[in-house]
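[1] For reference, the sequence and a predicted model appear below.
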Amino acid sequence: MTASHRTAPHVPVLRLDPTGADHQGEAARLRELGPVVQVILPGKVKAWAVTTHQLVSELVTSPAVSKNWHRWTALHTGQIPDDWPLTGMVKVTNMVTADGEDHHRLRRVVTQVLTPARVKAMRPQITALAHRLVHELPRHAHPDGAVDLREHLAYPLPMAVICDVIGIPEHHRPQMRHLVQSIFDSTAGPDEVLSTQHLIYALLDQVVDERRHTPGTDLVSALISVQNDSPDTLSTAELTGTLWLMISAGHETTLSLITNALRALLTHPDQLRLALNADTDIWPVIVEETLRWDAPIGNFLARYPTEDLRIGGVTIPAGDAVLAPYSATGRDTAQHGPTAGRFDITRPPTRHLAFGGGPHVCLGAPLAQMEAAIALETLLTAYPGLSLAVPPESLVPVPSLISNSVQALPARLDRPATTHFQGARP
């Protein structure tokens, strides 16, 4: 990948569906069109998509590519209005949109709280919560016996975990959930976009103010302590931006990961049987295969070349936005072999990009992977006869070109195992 001022004579163009009605079908079309495709985002905003695993890996590690949204030329030329549906995913101030030393500085603060030891120590707590949620599933059943696993397991588990880590009080969590859903909704209208942006930071300011008076061992308290000790190290915008990143990424992606893993198993009975009959710890393996085959983030904005960038035979001009389509790279046959389109929990381990790559790789990945594995094991040990309650084609996608999942996952439970709820395993 080298810098160049040459441009390709013809680059295919694909308008991305803001409703996310068919992430995998759209991803397949991107791969078919070539390694680099020009895409049209909501509001007729132009960007680029790099569609192969190898090229995305190069892109995310290239020193000639920035994560700083201030480098997006279209923002400075008035092409991106403040009420653009994806503004809450792009115009943020945190480690995701920082480069170099600023990125290391902001990331370092979070890693001091979300340490590997702390994540490991959270396992009993997460396991106990998963057991309680699974135990309560029958009371949420509709008259036809169906229970929405997204609403009553995949949502409350990661929301409770990440809010505990961050320090979000119970009374703020319902509104927090609504705001997270709103920023991932790429069909949101202008009024909702502007309202959401205002409410997010009003709520976070309130949380920070509450924690200044009652500090604890959570991330909010840690960030406040850093700011108090060294005001130049962390601005107020960076503090609230970091909190918003951790809430949105720590909740939405894990929610979709758990939902997608369950959907994959329930629509592939042969793989579900293999999982239930496995004599090894199969659940982390299922999580990894889900991340590859049906990543919770279908497309991720954005990176911006700091100079004209030659990649995949195409020159992307400096200052243009580049999108990483994880749905496309996850089923790239060059990386994952000729059966890349098949969900197969016996597949040999292979590297995927569902958590990004390079210096910006998601630092919450171990926590998300652990939560998802615990949720799968707890549910399917209790209800090995679990089955989808509706035809797979009737499942309604989340209205987002970013988030890849379904709005509900109705399933029918069988008789629970008699010894399952005697206590959480460490």
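    Arrived safely.

[2] Quick one: end-to-end length of stretch 148-164, please.
    Across stretch 148-164, the terminal residues are separated by 24 Å (CA to CA, to the nearest Å).

[3] any idea of the mean pLDDT for it?
    Averaged across stretch 148-164, pLDDT comes to 95.

[4] ok, residues contacting that stretch?
    122, 125-126, 129-130, 133-134, 136-137, 140, 168, 173, 176-177, 218, 246-247, 250-251, 254-256, 258-259, 262, 367-368, 371, 375, 379, 405-411 (CB atoms under 8 Å, 6 or more residues apart in numbering). All C-beta spots, glycine's among them, are computed from the backbone N, C-alpha and C.

[5] gap between it and the chain center?
    14 Å (CA atoms, centre = their mean, to the nearest Å).

[6] Sort out which residues of that stretch are buried, please.
    148-163 (16 or more other CB atoms under 10 Å).

[7] just curious, which of those residues is nearest to residue 105?
    residue 162 (22.2 Å; CB to CB).

[8] from the middle of its chain, how far away would the helix ranked longest in the chain be?
    For the chain, the longest helix by residue count, based on DSSP state H, is helix 236-266. On the basis of CA atoms, centre = their mean, helix 236-266 sits 5 Å off its chain's mean C-alpha point.

[9] Please apply the same query to stretch 168-184.
    16 Å.

[10] what is the rounded mean pLDDT of it?
    Stretch 168-184 comes out at a mean pLDDT of 87.

[11] what residues does that stretch touch?
    88-89, 155, 159, 162-163, 188, 192-193, 196, 199-200, 203, 206-207, 210, 220, 247-248, 251-252, 398, 400, 402-403.

[12] Could you pull up the residues touching the closest residue to residue 215 other than its chain neighbours?
    Leaving aside its chain neighbours, residue 215 sits nearest to residue 221 (4.1 Å; criterion: CB to CB, 6 or more residues apart in numbering). Applying CB under 8 Å, 6+ apart, we find residue 221 in contact with 167, 211, 215.

[13] ok, the first one touching residue 223?
    No - look at residue 167 against residue 223 with CB atoms under 8 Å: they stay out of range, at 9.4 Å.

[14] Where does pLDDT dip in the chain?
    1-9, 415-426 (pLDDT under 70).

[15] For it, just list every one of the strands.
    2-3, 13-15, 36-41, 45-50, 65-66, 146-148, 300-305, 309-311, 314-316, 322-324, 387-388, 410-412 (DSSP state E).

[16] buried residues in the second one?
    By neighbour count, and taking 16+ other CB under 10 Å as the criterion, the buried residues in strand 13-15 are residue 14.

[17] now do the fourth one
    Under the neighbour-count criterion of 16+ other CB under 10 Å, strand 45-50 has 45, 47-50 buried.

[18] Contacts for that strand, please.
    Here strand 45-50 has contacts from 14, 30, 35-41, 56, 59, 74, 79-80, 84, 299, 301-302, 311-312, 314, 316, 320-325, 328, using CB under 8 Å, 6+ apart.

[19] Select only the buried ones of the residues you listed in PyMOL?
    Of these, the buried ones go into a single PyMOL selection, burial set by 16+ other CB under 10 Å:
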select buried, resi 14+30+35+36+37+38+39+41+56+59+74+80+84+299+301+302+311+312+314+316+320+321+322+323+324+325+328
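
[20] From residue 67, how far off is residue 406?
    Distance, residue 406 to residue 67, using CB to CB, to the nearest Å: 30 Å.

[21] still on that earlier bit, nearest to residue 362, of the strands of the chain?
    Among these, the nearest to residue 362 by CB to CB is strand 300-305 (10.4 Å).

[22] Parallel or antiparallel, list what pairs with the closest one.
    Applying DSSP bridges, strand 300-305 is found paired with strand 65-66 (antiparallel), strand 322-324 (antiparallel).

[23] Let's have those strands in TSV, adding distance to residue 114.
    Listed next are the strands paired with strand 300-305 as TSV, based on distance: least, CB to CB, whole Å:
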stretch	distance to residue 114
strand 65-66	25
strand 322-324	23
